[in-house]
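**Student:** Following is a predicted model, sequence given first.
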Amino acid sequence: MIKDGSVKILGVDPGSRITGYGVIEVRGQQQHYLTAGTIRLDHGELADRLKTIFLRLSEVIAEFAPAELAIEKVFVQRNVDSALKLGQARGAAICAAALRDLPVYEYAPNQIKLAVVGRGHAEKAQVQHMVTMLLGLSAKPVSDAADALACAICHSNLRRSQLLIAERARAPAPRGVGAR
C-alpha cells in the first residue's frame, strides 16, 4: 500500500500458451488502468515456456511495483493434461510474485466473472466489454489481458469489502438499544 492509500494490483490469467497480465491502481473506490498485455509462448519445451512466464512477469513486477497479485485458479474441464500445464504456468507466476514478497490471492473463473460482469458464466466478450467500461479504456484489451484485468478488478472489489468489514469490527460497539 502506498502512503495515499492507493494500492497496485497485478492480475494474471495464466496459460501455457498465452498468459495475460494487467495492472490496476486502486485509490479509494476508483480503479485505474496502468498496463495490460499478453505473454505469448512458442511451441517449445514446457520448461522454457515457464521460464518465459516467470521472467516476463518479474519484469512487469519490477516496472510497476504492484503490492498484491490476483491470479485465476486452475479448473479442470475435460483435459487433465491441460489443467496440469495451467497449474505449472500459475506456479511460474506465483514464484515471480513470491520472490518480491507479494501476497497472492486466488479466484475461481466463475467468481471473477460474477464480480465483473454479474454472471458467473459470462462469455469472454462480455468480460472484455465490462473491463473496458469499468476502467474507462478507449479500446477493448485482447481477451487474455482482459481476463487478467478482470481478476485484478475482482480482487479490488473483494479487498474493499474485506477492509470495510475489518474497519467495522474495530469500531466501538454502538450505544443505544440493547447496550448495557
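**Tutor:** Nice, I can see it. A quick note: this is a predicted structure, and the numbers were derived from the prediction, not measured.
**Student:** Could you check how far the closest residue to residue 143 other than its chain neighbours is from residue 21?
**Tutor:** Leaving aside its sequence neighbours, residue 143 sits nearest to residue 124 (Cβ to Cβ, 6 or more residues apart in numbering; 5.1 Å). To be clear about C-beta, it is placed using only N, CA and C from the backbone, and glycine gets the same treatment. Distance from residue 124 to residue 21, counting by Cβ to Cβ, to the nearest Å: 16 Å.
**Student:** so what's the residue nearest to residue 143 scoring on pLDDT?
**Tutor:** Looking at residue 124, its pLDDT stands at 91.
**Student:** just residue 141 next, same as before
**Tutor:** 96.
**Student:** neighbours around it, how many?
**Tutor:** Look at residue 141: counted by other Cβ atoms under 10 Å, it has 23 neighbours.
**Student:** can you list the weak-confidence ranges in this protein?
**Tutor:** Along the chain, segments meeting pLDDT under 70 span 1-4, 76-77, 163-164, 166-167, 171-180.
**Student:** Enumerate every residue touching residue 128.
**Tutor:** Going by Cβ atoms under 8 Å, 6 or more residues apart in numbering, residue 128 touches 140-141, 143, 146.
**Student:** Next step: those restricted to helices.
**Tutor:** Among the contacts of residue 128, the members found in helices (DSSP state H) are 143, 146.
**Student:** related to what we said a few turns ago, between residue 124 and residue 21, who's got more neighbours?
**Tutor:** Higher neighbour count among residue 124 and residue 21: residue 21, with 31 against 13, using other Cβ under 10 Å.
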